[in-house]
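A.B. asks: Prediction below, plus the sequence it came from.
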Amino acid sequence: WGRMHTGVDIGVPYGTPIRAAASGQVIYAGWMDGYGNLVFVDHGRGLSTGYAHQSSIAVSNGEAVTQGQVIGYVGCTGHCFGPHLHFEVRVNGTPVDPLGYL
């Protein structure tokens, strides 16, 4: 794709529920090139998480979500080669290694 891979890909079956890693507010829910159906949740203090390639999105922009709440379902939208969750963590808008947050 010509750019750094900014998250971790977790292979799971199509339609598996995607749950918010922590409580926060949805700051983006929609289509984004490359990511396909994407949700970003702002958790405060500069921390946000992203969940890409969803088959369908279950939340809306501005919605408050709780930890563990279903925010969408695994799919293969955007640039992908099979159903999986692309999970990102950003600190002050900059992607960081998500493995330290799992």
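C.D. replies: Structure's in. What do you need?
A.B. asks: Tell me which helix or strand comes right after the one helix or strand residue 55 maps to.
C.D. replies: Assigned by DSSP states H and E, residue 55 belongs to strand 47-57. Sequence-wise, the next helix or strand downstream of strand 47-57 (DSSP H and E) is strand 64-65.
A.B. asks: and the helix or strand that that following strand is followed by, average pLDDT?
C.D. replies: Proceeding N to C from strand 64-65, the next assigned helix or strand is strand 70-74, under DSSP H and E. Average pLDDT, strand 70-74: 99.
A.B. asks: The strand holding residue 55 pairs with which strands?
C.D. replies: strand 36-44 (antiparallel), strand 70-74 (antiparallel), strand 84-91 (antiparallel) (DSSP bridges).
A.B. asks: who touches the longest one?
C.D. replies: It refers to strand 36-44. For strand 36-44, the surrounding residues in contact (C-beta atoms under 8 Å, 6 or more residues apart in numbering) are 18, 20-32, 48-57, 59, 65, 71-72, 75-80, 90. Just so you know, the C-beta spots here come from the backbone N, C-alpha and C atoms, and that holds for glycine as well.
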